[in-house]
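>>> take this sequence and fold it.
(2 chains)
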Amino acid sequence: MAKKYDLQEVEVLDGNVAMTHALRQAQVDVLPAYPITPSTKIVELFSQFCADGYVDGEFIRVESEHAAMSACVGASAAGARVATATASQGLAFMIEVLYQASGMRLPIVLCLSNRALAAPLNVNGDHSDMYLARDAGWIQLCSFEAQHSYDLALMAFRIGEHVDVRLPVVVNQDGFITSHTAENVHMIPDEKATAFVGELEVVNSLLDNTKPITYGVQTEENWHFEHKARQHNDLLESKSHIKKVFEEFNEKFGREYKIVEQHKVDDADMVIVCIGSTFNTSSLVVDNFREKGIKVGVIAPRVLRPFPYEEFAEALKDTKVVACLDRSSPNGAVGMLYNEISGALINNEKTPIISNYIYGLGGRDVTIELLSSVFNDLTENLKAGKLTHKVQQMLGLRGPKCEYFGEKG
Amino acid sequence: MLEIRWHSRAGQGAVTGAKGFAEVVSHTGKEVQAFAFYGSAKRGAAMTAYNRVDDKQIINNEKYMEPDYVLVLDPALVMSDSIILNHKESTTYILGTNLTRDEVLEEAPFLKGKRIHTVDCMKISLNTIGRAIPNTPMLGAFMKVSQMLPIEEFKEDMKLSLKKFPQKIIDANMDAISQAYGEVS
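Residues are numbered from 1 along each chain as shown, chains lettered A, B, ... in the order given. Here you go, the predicted model:
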């Protein structure tokens, strides 16, 4: 029986440590991992918890991230509650097995401390790894601060493991900004947190000899499409279950989470769409502009996959100007959020003027000044009733201004 | 909002100091933030750490800061690092140094006219803890200069933060805090 951990009601923790407490309280059975910055602390601390008797489960040292996710697949198929942590190149190296995990419907939880992808080598935060994983069939949740990292990691097990869902879940947090910034985090006592997560309902255990089953089968054109369609359908359907878990968490612990998080969007003329900790800093900027009587707001997906098209279409139906901020190099296209938000809004009665900013790559500071400059651009667009610049701009880039794609783009 | 920037060499305990400080201040009901700039810096390289303290939740995640206090742990960084970066009129500097105030101003004339305090954190940590980890004495000096918390209350809370260490180390740290509190000028 695992020892109880002595926690204060408020601890000063960074996102990594907060998440690891969630893994401990969820009493993860198997955590195979290959540590990588900025997620290393999760792996280090979980192995410490195992060694000190705070977890009954196993920590498995593996030879690579590919092996880590492979071990997750094996252990999850055997019927264990499974989690791991990684970032950046580590995520890139596990990508093949991410598709295996979701295709086999294994509810693994992956803690992802988002970091830039090389080259050039960079250990700091951006969303390149989050974007790389976005089509892999995993549910993706996004934290804006250490408190969310803790809460979402607890909820991730409830979401992914539900028999109607049975899908793996990524919990994203901004590398260094959230993963390494220590701040006040409200903790749930062990017995309550563990009770909330509950027992894993084992489905199709590989170790159940009374009911032999196979994982990793081959299906060609006869059945592959049906499998993938079912998987896509269930990922979309998972949204209603995610909502239920968010509601139950709020009822029990008094912290509210929504599929899409908003700050002063309702009557806003101009809105920033972003992901992660930028939502928090943008909220400050929104308040500054509101004091000047300028109606602005900020909105962010809490759930990136399944993508909340309906929620965005509803929230932004009266908005006049929208800026989509992508923290990942778009490499020859517009940013992902620009595409998704344009797609979400295109069938509304009115569509806003939409532009795209690429920002914060490799940990480049996201300042109040920069975010204010976005609202200043949007104000010009609002006045002109059209784009006053090209569709895509680089925000906070040194050197000459870079902008791309014509006004009709 | 109170904002603090630490200048240190990796390994001198600035991150631990910033986090320990944040934890102690959180016990008074404040909201806190402690973070650092990370890169490929190795032990001995110049680095910076940061604190924010406020009455309401801190949602500002920008690294940019115009600090109220600048704490310098390593004497040489006064001369080699940009310790007056984003200086504002009210910025107060606490320099860990073996030099006198006049000697510092001679070496670093850009500090003339600014609010400066000095304390020999390195000597104090070597004499008490036995190692060159000047973070806890710096916090003692900071408590004196800022008058943020009564020193005894601060020490009691610091003891809780250090509870995983042996009693001897906790006692040595308490000595270091008291000495720096008494010596900072």
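
>>> only C-alpha atoms from now on, for both contacts and neighbour counts.
Will do.

>>> A:Ala136 contacts A:Arg105, correct?
No - contact criterion Cα atoms under 8 Å: A:Ala136 and A:Arg105 do not qualify, at 11.9 Å.

>>> ok, the two, which is more surrounded?
Neighbours were counted for A:Ala136 and for A:Arg105 using other Cα atoms under 10 Å in any protein chain shown; A:Arg105 has more, 25 against 20.

>>> any weak-confidence spans in the chain?
Picked chain A for this. Across chain A, residues meeting the criterion (pLDDT under 70) sit at A:407-409.

>>> try chain B instead
Using pLDDT under 70, chain B drops low at B:39-41.

>>> check contacts around residue 25.
Just so you know, I chose chain A. With contact set as Cα atoms under 8 Å, 6 or more residues apart in numbering or on different chains, A:Gln25 has these partners: A:Leu154, A:Asp190, A:Ala193, A:Thr194.

>>> wrong one, I was asking about chain B
B:Val25 makes contact with B:Val32, B:Val53, according to Cα under 8 Å, 6+ apart.

>>> residues in contact with stretch B:8-24?
If you take Cα under 8 Å, 6+ apart as the criterion, stretch B:8-24 is touched by A:11-12, A:182-183, B:6-7, B:32-36, B:41-51, B:53, B:72-74, B:77, B:132-136, B:139, B:154, B:157-158, B:161.

>>> which residue ranges of chain A form helices?
Per DSSP state H, chain A carries helices over the ranges A:15-25, A:40-51, A:65-78, A:88-103, A:128-132, A:146-161, A:190-197, A:224-253, A:278-291, A:309-315, A:336-345, A:368-384.

>>> list the buried ones in the second one?
So that's helix A:40-51. Buried residues in helix A:40-51, counted by 16 or more other Cα atoms under 10 Å in any protein chain shown: A:Thr40, A:Lys41, A:Ile42, A:Val43, A:Glu44, A:Leu45, A:Phe46, A:Ser47, A:Phe49, A:Cys50.

>>> over to the fourth one?
Under the neighbour-count criterion of 16+ other Cα under 10 Å, helix A:88-103 has A:88-95, A:97-103 buried.

>>> over to the last one?
Applying a neighbour-count criterion of 16+ other Cα under 10 Å, the buried positions in helix A:368-384 are A:Ile368, A:Leu370, A:Leu371, A:Ser372, A:Val374, A:Phe375, A:Asp377, A:Leu378, A:Thr379, A:Asn381, A:Leu382.

>>> once you drop chain neighbours, what's closest to the fifth one?
Right, the one you point to is A:Val374. A:Ala323 (7.6 Å; Cα to Cα, 6 or more residues apart in numbering or on different chains).

>>> now do the contacts for the closest residue to A:Val298 other than its chain neighbours.
In space, and not counting its chain neighbours, A:Val298 is closest to A:Ile272: 4.7 Å by Cα to Cα, 6+ apart. Each residue near A:Ile272 by Cα under 8 Å, 6+ apart is listed here: A:Ser282, A:Gly297, A:Val298, A:Ile299, A:Val322, A:Ala323, A:Cys324, A:Leu325, A:Phe375.

>>> let me know the outermost residue of chain A.
Largest separation from the mean C-alpha position in chain A: A:Thr210, at 38.1 Å (Cα atoms, centre = their mean).

>>> alongside chain A, which residues does chain B contribute?
B:19, B:22-23, B:26, B:31-36, B:38-40, B:59-64 (Cα under 8 Å from any Cα of the partner chain).

>>> could you redo the last one with a cut-off of 10 Å?
Residues of chain B lying near chain A by Cα under 10 Å from any Cα of the partner chain: B:18-20, B:22-27, B:29-40, B:50-53, B:57-65.

>>> which PyMOL command selects the buried ones in the residues you listed?
Burial among the residues of chain B next to chain A is assessed by 16+ other Cα under 10 Å; the matching PyMOL selection reads:
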select buried, chain B and resi 18+19+20+22+23+24+25+26+30+31+32+33+34+35+36+37+38+50+51+52+53+58+59+60+61+62+63+65
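
>>> which of the residues of chain B next to chain A fall in strands?
Under the assignment DSSP state E, those contribute B:Glu31, B:Val32, B:Gln33, B:Ala34, B:Phe35, B:Ala36, B:Tyr50, B:Asn51, B:Arg52, B:Val53 to strands.

>>> now the two most distant members of those residues.
For those, the farthest-apart pair by Cα to Cα is B:Glu31 and B:Ala36; their separation is 17.5 Å.

>>> residues near A:Arg305, how many?
Per other Cα under 10 Å, the neighbour tally for A:Arg305 reads 22.

>>> distance of it relative to chain B?
According to Cα to the nearest Cα, to the nearest Å, A:Arg305 stands 25 Å off from chain B.

>>> need the residues of chain A near chain B, please.
Taking Cα under 10 Å from any Cα as the contact definition, chain A meets chain B at A:10-14, A:38, A:122-124, A:144-145, A:176-185, A:277-285, A:363-369.

>>> need the contact list for the residue of the stretch 301-409 of chain A found nearest chain B.
Distances between the stretch 301-409 of chain A and chain B by Cα to the nearest Cα are smallest at A:Thr367, namely 4.9 Å. The contact partners of A:Thr367, by Cα atoms under 10 Å, 6 or more residues apart in numbering or on different chains, come to A:278, A:281-282, A:285, A:360, A:373, A:396, B:60-65.

>>> lovely, talk soon.
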